[in-house]
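J.: Give me a model of this one.
(2 chains)
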Number of protein chains: 2
Amino acid sequence: MLYAVIMAGGAGTRFWPASRAALPKQLLALTGERTMLQQTWDRVQGLVPVQRVLVVTNRELSARVAEQLPALPSASLLGEPCKRDTGPCTGLAAAVLARRDPDATLLMLPADHVIRQRAAFHAAVSHAVDLIDADPTRIVTFGIRPSYAAESFGYIQRGDPLACGTDRPPTFHARSFREKPKAEVARAYWAAGDYYWNSGIFVWKAATILAALARNEPEMFGHLERIAAQLGSPRFPDVLEREFAALAGKSIDYAVLEHYNNRVVIEAPFDWDDAGSWQAMTRLHPVDEQGNTVVGGRLLTKDSSGCVVHCNPEHLVVTLGLRDCIVVQTPDATLVANKHDEEAVRQVVHELKERGWEAYL
Amino acid sequence: MLYAVIMAGGAGTRFWPASRAALPKQLLALTGERTMLQQTWDRVQGLVPVQRVLVVTNRELSARVAEQLPALPSASLLGEPCKRDTGPCTGLAAAVLARRDPDATLLMLPADHVIRQRAAFHAAVSHAVDLIDADPTRIVTFGIRPSYAAESFGYIQRGDPLACGTDRPPTFHARSFREKPKAEVARAYWAAGDYYWNSGIFVWKAATILAALARNEPEMFGHLERIAAQLGSPRFPDVLEREFAALAGKSIDYAVLEHYNNRVVIEAPFDWDDAGSWQAMTRLHPVDEQGNTVVGGRLLTKDSSGCVVHCNPEHLVVTLGLRDCIVVQTPDATLVANKHDEEAVRQVVHELKERGWEAYL
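T.: Residues are numbered from 1 along each chain as shown, chains lettered A, B, ... in the order given. Next comes the predicted model:
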């Protein structure tokens, strides 16, 4: 049976000060009325019943996640006691769900992406499930046709096509997984034409990923198994705390995907945006004639262009003679950044920590 | 006897959104712990007793002014029912004080200038009073030695020197008053070397300015006399309301100063800043190595220079890759402006009115 696993543990530091440690990007309504987590939840409705959705997040965020997803059974919310990258998060979900259903198929979904074509998304997931039903050892990924030579995404190189019928999206063996490339390499991928952006959305059997982890990461696998063994027991919280902390952080790409043989990539037949930065908001919101975008609040511009503004609903931001800037207003902190310096927001968050200005984190 | 008249009716729109209709620049602490009005009040202490200070402001601001100046007798606070420029304001102060003391000498002080050398200021005012004692029909002005070819000030051209003794600041007949000049003209004044900036601070007999108004502006004079005649009567508020509204707005420069013959200019022996714009704050606050200035709150900059930031005490502003910008944060409105577009702030205030966004004014 199919289960949806929503990965909602991201820090979202690139969206500071709108995104905070206690309220990161996926818990914000940056791209619509609903938060990105809620939109992800909405996206799986009709695909799996509520009882087969698992949400993995940070323990600190659990209460907020529960608030935002009132229909989520509390037993289906896993709070990681500390940050250990996507490997342990993914493995924990697999270990937990495999106990419940040894034949479980998992749809792994980041909680902070934007996909608006829900029907196409459902069809693509059904196709992935069919591919796994035909060969349960497959790992199925969704590749996004690149629209430019992005450096901020991982890439998947496609290999030979699979014959799936003309009513199915183009499907290929995945030849290789590539980490975020430098500019030059990104341009080469882009020119080559057989590379997709890695959407970070996967479908696999819990048993498949656990077997791969047992093989590639026996230590991680051991910790995860000891946690899953305590599911439902009163010792679970203590064991989770101890075993998870003892894990070495590693991405699932590095732990499994890059080495795995039986990988498939489906060319995504749905829209997809990782909404990875304030600049991405220009793709997800209306843009005025001067290229300014308002994510929230009120904007009055004079002689300004290419600006992205986010502020609280009743707040007014006025820009005068401003070019290509990001303005983010919150009640206690305001960011004004040149668009091209957006990456430095992460450094700011780091510096706030160093200065002990924790209140702003 | 000497009286101090503090003119505190300005709108301060150039300082929006920090400055609001209900809390304009002179009521803000932009240049120190005390508000500019309070600093002006402090400046006259030791020069005139509290009982001889008169504050003229807008009626809407009266309560705030009284709050900020708790030692000011309530009878010494005049609230204009509407805006009519500096002519009626000045004339009203003269008419009111002349009833109380026909020989009154008035020190006229804008409430929103910065002068830090109080002793030098007192000495200069004493000198002005001496000049008027010697010739009561004199109008005495204070000229500021220009430090650049400013377009934002009026100018006073000096004529022949007056022999006042070497212990007195340089003193001259004032040959002409000039309105704010265009760039080219400002450069010519600057090059000529015999022009001062008009500080807007004057000393004159109430009788002198009233006689000049009676001669040049008989209609205005009539309205002012009818108001002053009701001082202390229960009819005063109604008469003030009616007569003041019936006045034609006109600046005192245009109504009197430009035409008056017996004018003297003292070269100010004190520091002076009109604190007329956010850029002025770079002269009145510490500037960091990158040329950034914080007027209030906390600032964290990366790769930013030449910025002026004003925010609430606990608020954090972060700038990344920002050049020569003004950032002004308030709880309900934020301004981000290129320094060179600062003048457009007035247009913003106008546009907010047009849009009916009164809450932000």
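
J.: Parallel or antiparallel, list what pairs with the longest strand along chain A.
T.: Looking across chain A with DSSP state E, the single longest strand is strand A:195-205. When pairs are called by DSSP bridges, strand A:195-205 turns out to pair with strand A:105-110 (antiparallel), strand A:139-144 (antiparallel), strand A:155-161 (antiparallel).

J.: what does the stretch 1-150 of chain A put close to chain B?
T.: Contacts of the stretch 1-150 of chain A with chain B, taken as CB under 8 Å from any CB of the partner chain, map to residue A:17. For glycine as for every other residue, the C-beta is placed from the backbone atoms N, C-alpha and C.

J.: Show me the residue of the stretch 1-150 of chain A that gets nearest to chain B, please.
T.: Using CB to the nearest CB, residue A:17 is the residue of the stretch 1-150 of chain A that sits closest to chain B, at 7.4 Å.

J.: Surely that residue is in contact with residue B:318?
T.: Yes: Residue A:17 lies in contact with residue B:318 (CB atoms under 8 Å); the separation is 7.4 Å.

J.: okay, those two: which has more neighbours?
T.: residue B:318 (28 against 23; other CB atoms under 10 Å in any protein chain shown).

J.: Which is the succeeding secondary structure element to the helix or strand where the more buried one lies?
T.: Element membership of residue B:318 [criterion: DSSP states H and E] is strand B:316-320. Proceeding N to C from strand B:316-320, the next assigned helix or strand is strand B:325-329, under DSSP H and E.

J.: any bit of that next one sitting next to chain A?
T.: Yes: interface with chain A: strand B:325-329 contributes B:325, B:327, B:329 (CB under 8 Å from any CB).

J.: With only the CA atoms kept, save that strand in PDB.
T.: C-alpha atoms of strand B:325-329 as PDB (Å, rounded to 0.1, in the frame of the first residue of the first chain):
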ATOM      1  CA  CYS B 325      20.000  53.700   1.100                       C
ATOM      2  CA  ILE B 326      17.800  55.000   3.800                       C
ATOM      3  CA  VAL B 327      15.900  52.400   5.800                       C
ATOM      4  CA  VAL B 328      13.200  53.600   8.200                       C
ATOM      5  CA  GLN B 329      11.200  51.000  10.100                       C
END
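
J.: And the next helix or strand past that strand?
T.: Beyond strand B:325-329 on the C-terminal side, the first helix or strand identified by DSSP H and E is strand B:333-338.

J.: Could you tell me the angle between whichever helix or strand comes after that following strand and strand B:333-338?
T.: Proceeding N to C from strand B:333-338, the next assigned helix or strand is helix B:345-355, under DSSP H and E. If you take axes from the mean of the first three to the mean of the last three CA atoms, to 10 degrees, helix B:345-355 sits at 140 degrees to strand B:333-338.

J.: and helix B:345-355 with chain A, contact?
T.: Yes: interface with chain A: helix B:345-355 contributes B:345, B:347-348, B:351-352, B:355 (CB under 8 Å from any CB).

J.: Quick check on these: which are buried?
T.: Using 16 or more other CB atoms under 10 Å in any protein chain shown as the burial test, the residues of helix B:345-355 next to chain A include B:345, B:348, B:352 as buried.

J.: how many other residues sit next to the residue of the stretch 101-250 of chain A found nearest chain B?
T.: Of the stretch 101-250 of chain A, the residue with the smallest distance to chain B, taken as CB to the nearest CB, is residue A:152 at 17.6 Å. For residue A:152, the count of nearby residues is 14 (other CB under 10 Å).

J.: for it, helix, strand, or coil?
T.: Under DSSP: H, G, I helix; E, B strand; the rest coil, residue A:152 falls in the coil class.

J.: Now do the helices in the stretch 51-200 of chain A.
T.: A:62-68, A:86-100, A:118-134, A:183-192 (DSSP state H, counting those that start in this stretch).

J.: To residue B:243, which of those helices lies closest?
T.: helix A:62-68 (62.2 Å; CB to CB).

J.: which residues make contact with the closest one from outside it?
T.: Residues from elsewhere that reach helix A:62-68 (CB atoms under 8 Å, 6 or more residues apart in numbering or on different chains): A:8, A:22-23, A:27, A:35, A:37-38, A:55, A:57, A:72, A:74, A:77, A:79.

J.: would JSON lines of those residues with pLDDT be doable?
T.: Formatted as JSON lines, the contacts of helix A:62-68 follow (pLDDT from 0 to 100):
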{"residue": "A:8", "pLDDT": "97"}
{"residue": "A:22", "pLDDT": "93"}
{"residue": "A:23", "pLDDT": "94"}
{"residue": "A:27", "pLDDT": "97"}
{"residue": "A:35", "pLDDT": "96"}
{"residue": "A:37", "pLDDT": "98"}
{"residue": "A:38", "pLDDT": "98"}
{"residue": "A:55", "pLDDT": "98"}
{"residue": "A:57", "pLDDT": "97"}
{"residue": "A:72", "pLDDT": "97"}
{"residue": "A:74", "pLDDT": "94"}
{"residue": "A:77", "pLDDT": "97"}
{"residue": "A:79", "pLDDT": "95"}
